[in-house]
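J.: What follows is a predicted protein model with its sequence.
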There are 4 protein chains.
Amino acid sequence: MNDEKIINDPVFGFIKIPRGPLLDIIKHPWMQRLTRIKQLGLTSIVYPSAQHARFLHSIGSFHLMSEAINSLTNKGVFIFDSEAEAVEAAILMHDIGHGPFSHVLENTLINGISHEDISLIMMEQMNREMKGALTLALKIFKNEYPKRFLHQLISSQLDMDRLDYLRRDCFFTGLTEGNIGSARIIKMLNVANDRLVVDYKGIYSIENYLISRRLMYWQVYLHKTTVASEKMLLNVLNRAKGLVRNGHEVFAPPCLKYFLSNDVNAELFKCDSKALYYYTLLDDTDIWSALKEWTENNDNILSILASDIINRNLFKVEVSDKPFDEEYIENIRKSLSDRYNITKEETCYFMSIDFIQKDMYDFNDDHISILYKDGTIKDISEASDILDIVLLSKKNRKYYLCYKRF
Amino acid sequence: MNDEKIINDPVFGFIKIPRGPLLDIIKHPWMQRLTRIKQLGLTSIVYPSAQHARFLHSIGSFHLMSEAINSLTNKGVFIFDSEAEAVEAAILMHDIGHGPFSHVLENTLINGISHEDISLIMMEQMNREMKGALTLALKIFKNEYPKRFLHQLISSQLDMDRLDYLRRDCFFTGLTEGNIGSARIIKMLNVANDRLVVDYKGIYSIENYLISRRLMYWQVYLHKTTVASEKMLLNVLNRAKGLVRNGHEVFAPPCLKYFLSNDVNAELFKCDSKALYYYTLLDDTDIWSALKEWTENNDNILSILASDIINRNLFKVEVSDKPFDEEYIENIRKSLSDRYNITKEETCYFMSIDFIQKDMYDFNDDHISILYKDGTIKDISEASDILDIVLLSKKNRKYYLCYKRF
Amino acid sequence: MNDEKIINDPVFGFIKIPRGPLLDIIKHPWMQRLTRIKQLGLTSIVYPSAQHARFLHSIGSFHLMSEAINSLTNKGVFIFDSEAEAVEAAILMHDIGHGPFSHVLENTLINGISHEDISLIMMEQMNREMKGALTLALKIFKNEYPKRFLHQLISSQLDMDRLDYLRRDCFFTGLTEGNIGSARIIKMLNVANDRLVVDYKGIYSIENYLISRRLMYWQVYLHKTTVASEKMLLNVLNRAKGLVRNGHEVFAPPCLKYFLSNDVNAELFKCDSKALYYYTLLDDTDIWSALKEWTENNDNILSILASDIINRNLFKVEVSDKPFDEEYIENIRKSLSDRYNITKEETCYFMSIDFIQKDMYDFNDDHISILYKDGTIKDISEASDILDIVLLSKKNRKYYLCYKRF
Amino acid sequence: MNDEKIINDPVFGFIKIPRGPLLDIIKHPWMQRLTRIKQLGLTSIVYPSAQHARFLHSIGSFHLMSEAINSLTNKGVFIFDSEAEAVEAAILMHDIGHGPFSHVLENTLINGISHEDISLIMMEQMNREMKGALTLALKIFKNEYPKRFLHQLISSQLDMDRLDYLRRDCFFTGLTEGNIGSARIIKMLNVANDRLVVDYKGIYSIENYLISRRLMYWQVYLHKTTVASEKMLLNVLNRAKGLVRNGHEVFAPPCLKYFLSNDVNAELFKCDSKALYYYTLLDDTDIWSALKEWTENNDNILSILASDIINRNLFKVEVSDKPFDEEYIENIRKSLSDRYNITKEETCYFMSIDFIQKDMYDFNDDHISILYKDGTIKDISEASDILDIVLLSKKNRKYYLCYKRF
């Protein structure tokens, strides 16, 4: 009785968390830390309503996982209670290693170690704290458990992570057209040959899911204004790091200071316990708090970039299907140098040339398999008579040229 | 002041109708008749919430039309107030000629005349009543007006009719994943060379719209259970018609009786004013009311079919990508004949063999054209790097075999 | 496995119906009949989106019932599986005796027998058909079962019927402000001394529920335009009944004809099996179908009233806190008589004087009891420090004067 | 053309901001600062989805203001374009002086000056920057403009501020039952004797609004867990301030350090330009960033409190209708002192005794006036026959006792 905690979620309604290890995970300081890391990083610069944190996304993924377990069990897929709890624990923790503005972070403050690697380190630490209660969860998470479909529920083309974040990001950005039929997809999940498959009746929901995902990528996740802001953040962090290394005075809370002062890589995570310690302390708020102080720094480049982010004076962005002309870039570089009285080398802080490619469906990754009534299984690329999955999976590359207006 | 009527719509909120000709249209008995004709006919057999009537769809289309006019005007497309009112009047009336269960009706109670033809007859009649106030609306509706993009707002791949019904049908069926970005699409509309085009930034919303439409077609409009019910209704109406012609006593309200007793075709609509009169009287309620009485008719076939529809004992449906084997069909025919003690000929009332094809994008129809920043225009089939429009437009044919369970 | 049927509900999402007696009830022709009876009768004249049928409301109430059973069980209230199934069956059938436009019907086509009485007759008949499978359900329904709180879940101030229809009617009218926290209220339900109570933490949700209900009453259920339409329907049915009794030719489908030709009362239901038979055949569609034919009847009063309803030329309505002045009424009567060339007596068909009173909270009915942490129980009238329940329960009477415009 | 910026709001859809002074306000760094201040402060500790920022609330209030202007103009209330723009500018800026966790802040980091006072200082500064473009807006804001109803749209019992935040907070907390009919209320607004009034037909929406507001207060704004967290934050800030004054080393970003080191009051705001400067730099992120560092401070009390907030080990809360017994409090004090090895005086950091009173309807404040058809005006307290406004306006006091668990 009274054996559960209820969290109210505007997306899925009341979510019930059973007391025990699952609630313990939620209460862990490392999970609570996710309340201070926004799901969509700088996206709120474009969609001001998109302020939601990774914490609730983790809870929502857990909710979908328990629905999926239910649905599969109803179809006769046998899942032990211990397996159900383990896979629920694993999805709860799947984002635990995320830092603030993960993609930016991984190219500035940490090197050669991804947030996924760090997730694993953290989960193993939590498992020790919880006296092995997460061992099975970790096995499934690392795909070392025989029933492989359980891992697929956590990480695959149709995992609960994606089903949650697509719905949640739609809701919080207000892009209702991107809505996916998570309930229908989950109802259509099945298992064949130890692989997650989708009953053929769900094929239209899958098509809709793939297209909605694409919409969300280009309209939200890779929105050019968001990309420009991320480049600015990347540049300002690199500038700060350079300045700190050169002994220039740069304000930062200690946890951030550690990452500005050190080359934090996989090696350091192993040999210096402070790396993990400071990493679990760091969140969005440190970055914003520091940025504001940097607006007054006596390094011109640092202060300009920081002000521009804080006050939303964003880089101009040009997008193209092919690389930008070198001469064109050179002209911009020159103009920036002249206009802001900086060297040619320093213009790298005021501009960014990059490309982004997003393959919407990865043949090398997990497939989405459709199960027909007669037991045959086809890949969605074959099963769908409308999506050109070859195109869908083609590296879809866009070139971005971002630079400070002059 | 107080110069508008407000209708509350759960889909779009308060919709304001200015007093004058637009409100007069809404008050017209022929528009009010649409309150008694369901938008989705027999679909509520599958989605019991889908009870919405064509009336509100017409109001909703009008609402989107006024938004579209606004959006285009903001972009510098010049539209006279009189044109705006005319195109709004036209969209309000676009469904006026629909009868109950239109697609079934057009193959049973009327012949050689479509609901579109009847719409036109009715609009012209209304125009006479309104002393020519609808002349411009009719011109645009018939695509006889020079500014052709105005007609496209009423009837094309991206007309306000479709934008409304897709959103509305999603809402009332509860298939939220089928949601389309009507507001975004309208915001992206533009005019180039007197044709409706979509700004390139709207391309993902268009892709999503095309896929959502497809989802709605197979999941709702052409749902196999709905198709089976329609076949049953078609059969029972044909049986009733046959019986009436043979002098058998069949109850029907006079307006329905007229269509059971006569060959109602384009010719008759011209020479017998009763054709139009009874047509404008006929709605869903007459069909249902009659069906219930037919459950007691002493013609066995009529009463069985009517009972089966009323009590939801639906035909079994088999769906296939290729035509059904003739021998297989013959066996079913024989079983039906034996089981229900009817002749081989009469089994046609207890079964239906048909195919449905739905081309999601019609190259011969209006194209969806994407307008790029540099002024070039591409068809969505070229512009989209994901949708295989060749496949999308390929006749996508499904064979249905429906028959009474035996 | 595959042991349930899923119905998609835009209000509550996927609703699962377990195969067995519950699904059998849903498939019963008498339940299917509720798909042809609108939940809100003539309300769609004011809110054109409100076309939803009693069928889905019954399913929705069932859904809330299963949630309530769950919630109570979680709190340690012991409920046998057989009891759960019975109370779910009972709520599924609670509206089974509703006829078309119930309130109008009970004052015209039937007399001295309410739809509740008929529900009971029908359930008992269904129980016989189902060989006693509904005996426990009936006991609970009739409040003859010892665990009295089970009956309260079906019929009380906080029953699942109300929780569903308030949410559902909000959704389908688009009056989102009337939304109630059904999930929260259900979570707060408890049982004390064999009575349904609400945990004190739910007090604000209860207040909100009572006020939302009031809003829905005056804004929807008793909207003056709806009331006027109901008066028109009442008058036209009485006129038709009078004409039929006098041998005047009046079209009606047989099931409706029965009710126009006979004094259908409790007595007749007992002695003439046709009464129940025709009742279970009658639905909204017969009334509408007949009304349309009546527009052409050679009785002037019948045809005018029928046309006015069909074409939405509604009575003018005046509302007052006190009875209307007799002289004022007399003047209207005279004007109607002159204008439409009818006798004074006949003006009763063109006008209606009535009052409506709605007590929002009934002291004599079930109370809403609040359970405090220390075990004490207070009536909401005491517990709420804001609602004046004395006022709330005061007979709140409004006088309506409706008459044909002249 | 292209004369507006569109912001996508999940609550109200596309919101259009005309280019010119209104867009300039939105782009101002002081408005952008509101993107870093959460609307509901610590509420996300209870409702993890409630992460929305004051920025979008300001935009939403602006949207409702433009709807209100429209509605009033339609009813014949004359409003100059310049007045409309001014009142829209004023509502955009109404929250500009909010700091992080305003209510906590005003009792710790600033003294004798409220965020409303600071708003005014900031607006006047912005007016100077914008060369007087905001003069009329300021006049209306300060209620110094003759058309007094314009001020009421910004600040009164029914202002656009409240209408927006109630809807928005419902949306982002997921408490859908608290929804109010903002569109209906705005449609019912009118002006009589230069005062904002509500047409009598809106009375049920007003009742619902008052009750929903009450629900939101006790369920969200004054939720006991939120109150407890605020007490913890208040205590930790006071502790930090005390430590800083005593020369103890306490990390803080410079902008926060200023407020910890100085007595910042109205006087200082006048004489030290740094007060305003640092205030406009300070936001939620500084507080969180500092709190995390304080978890490692060598002052035990500071580090414990900071850890407890960061890791969500919240104070226990007891709520009562009457003051807590002094002896009972003393016992707790003693237990805290023993358990945490601190002096009796220091226990004030680990506990908090307070009361909250919320008068839901203030007789001395603006009234809500109902306008009847005959021109008479009644206060809602008289007009409503259900709400006991005397009770509603009664100081509704709750006593809170919060303390660290021991």
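T.: The structure has been received and is ready for your questions.

J.: any chance you could map the strands in the stretch 51-200 of chain A?
T.: A:110-111, A:189-192, A:195-199 (DSSP state E, counting those that start in this stretch).

J.: Is it possible to get CSV of these that adds distance to residue A:85?
T.: All C-beta atoms are positioned from the backbone trio N, CA, C, and that covers glycine. Listed next are the strands of the stretch 51-200 of chain A as CSV, based on distance: least, CB to CB, whole Å:
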stretch, distance to residue A:85
strand A:110-111, 32
strand A:189-192, 18
strand A:195-199, 19
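
J.: Chain B: which of the ones you listed is closest?
T.: Chain B lies closest to strand A:195-199 among these, at 13.7 Å (CB to the nearest CB).

J.: returning to what we had before: what would the strands of the stretch 51-200 of chain A look like in JSON lines with distance to residue B:127, mean pLDDT and mean neighbour count?
T.: Below are the strands of the stretch 51-200 of chain A laid out as JSON lines (distance: least, CB to CB, whole Å; pLDDT from 0 to 100; neighbours: other CB atoms under 10 Å in any protein chain shown):
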{"stretch": "strand A:110-111", "distance to residue B:127": "72", "mean pLDDT": "91", "mean neighbour count": "18"}
{"stretch": "strand A:189-192", "distance to residue B:127": "55", "mean pLDDT": "97", "mean neighbour count": "20"}
{"stretch": "strand A:195-199", "distance to residue B:127": "52", "mean pLDDT": "96", "mean neighbour count": "21"}
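
J.: measure residue A:163 to residue A:380 for me?
T.: Distance, residue A:163 to residue A:380, using CB to CB, to the nearest Å: 16 Å.

J.: swap in residue A:277?
T.: 44 Å.

J.: neighbour-wise, which of these two wins?
T.: residue A:380 (22 against 13; other CB atoms under 10 Å in any protein chain shown).

J.: interface residues of the stretch 51-200 of chain A facing chain D?
T.: A:51, A:52, A:53, A:55, A:56, A:59, A:171, A:172, A:173, A:174, A:175, A:176 (CB under 8 Å from any CB of the partner chain).

J.: The third one contacts residue D:52, correct?
T.: No. With contact defined as CB atoms under 8 Å, residue A:53 does not count as touching residue D:52 (11.5 Å).

J.: So for those two, which residue has more residues nearby?
T.: residue D:52 (29 against 21).

J.: And the pLDDT at the more buried one?
T.: Note on residue D:52: pLDDT of 97.

J.: Look up how far residue D:43 lies from it.
T.: Taking CB to CB, one finds residue D:52 at 10 Å from residue D:43.

J.: go on, residue A:239?
T.: Going from residue A:239 to residue D:43 by CB to CB gives 36 Å.

J.: Look up the closest residue to residue A:208, ignoring the ones flanking it.
T.: residue B:215 (5.0 Å; CB to CB, 6 or more residues apart in numbering or on different chains).

J.: Contact partners for the one you found?
T.: By CB atoms under 8 Å, 6 or more residues apart in numbering or on different chains, the contact list for residue B:215 reads A:204, A:205, A:207, A:208, B:175, B:177, B:178.

J.: try 7 Å
T.: By CB atoms under 7 Å, 6 or more residues apart in numbering or on different chains, the contact set of residue B:215 is A:204, A:208, B:178.

J.: And for residue A:18?
T.: A:3, A:4.

J.: Likewise for residue A:301?
T.: Applying CB under 7 Å, 6+ apart, the residues contacting residue A:301 are A:239, A:342, A:346, A:349.

J.: Residues touching the helix or strand containing the first one, excluding its own?
T.: Think residue A:239. Here residue A:239 sits within helix A:224-245, counting by DSSP states H and E. Applying CB under 7 Å, 6+ apart, the set of residues contacting helix A:224-245 from outside is A:42-43, A:45-46, A:101, A:103-104, A:107-109, A:250, A:260-261, A:291, A:294, A:299, A:301-302, A:305-306, A:308-309, A:314-315, A:317, A:319, A:349, A:352, A:356, A:400, A:402.

J.: can you rerun that using 6 Å?
T.: A:42-43, A:45-46, A:104, A:108, A:250, A:260-261, A:299, A:301-302, A:305-306, A:309, A:314-315, A:317, A:319, A:349, A:352, A:400, A:402 (CB atoms under 6 Å, 6 or more residues apart in numbering or on different chains).

J.: Equivalent analysis for stretch A:175-182, please.
T.: Taking contacts as CB under 6 Å, 6+ apart, the residues outside stretch A:175-182 that touch it are A:163, A:166-167, A:170, A:205, A:209, A:212, A:215-216, B:176-177, B:179-181, B:208.

J.: hmm, 8 Å instead?
T.: Under the criterion CB under 8 Å, 6+ apart, residues A:47, A:64, A:163-164, A:166-167, A:169-170, A:205, A:208-209, A:212-213, A:215-216, A:219-220, B:175-177, B:179-181, B:184, B:205, B:208-209, B:212, D:8, D:10 lie in contact with stretch A:175-182.

J.: could you flag which of the residues you listed are buried?
T.: Those of these that meet the buried threshold are A:47, A:64, A:163-164, A:166-167, A:169-170, A:205, A:208-209, A:212-213, A:215-216, A:219-220, B:175-177, B:179-181, B:184, B:205, B:208-209, B:212, D:8, D:10, by 16 or more other CB atoms under 10 Å in any protein chain shown.

J.: Distance of residue A:153 relative to chain C?
T.: Distance of residue A:153 to chain C, given as CB to the nearest CB, to the nearest Å: 19 Å.

J.: contacting residues around that residue?
T.: Residue A:153 neighbours (CB under 8 Å, 6+ apart): A:65, A:68, A:87, A:91, A:159, A:160, A:196.

J.: ok, back up a step: helices - which of the residues of the stretch 51-200 of chain A next to chain D land there?
T.: A:55, A:56, A:59, A:171, A:172, A:173 (DSSP state H).

J.: mind listing what's buried in stretch A:144-157?
T.: Quick answer for stretch A:144-157 (16+ other CB under 10 Å): A:145, A:147, A:148, A:149, A:150, A:151, A:152, A:153, A:154, A:155, A:156, A:157.

J.: Please produce TSV containing those residues, extended by pLDDT.
T.: Conversion of these to TSV gives the following (pLDDT from 0 to 100):
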residue	pLDDT
A:145	97
A:147	96
A:148	96
A:149	97
A:150	98
A:151	97
A:152	97
A:153	97
A:154	97
A:155	95
A:156	93
A:157	90
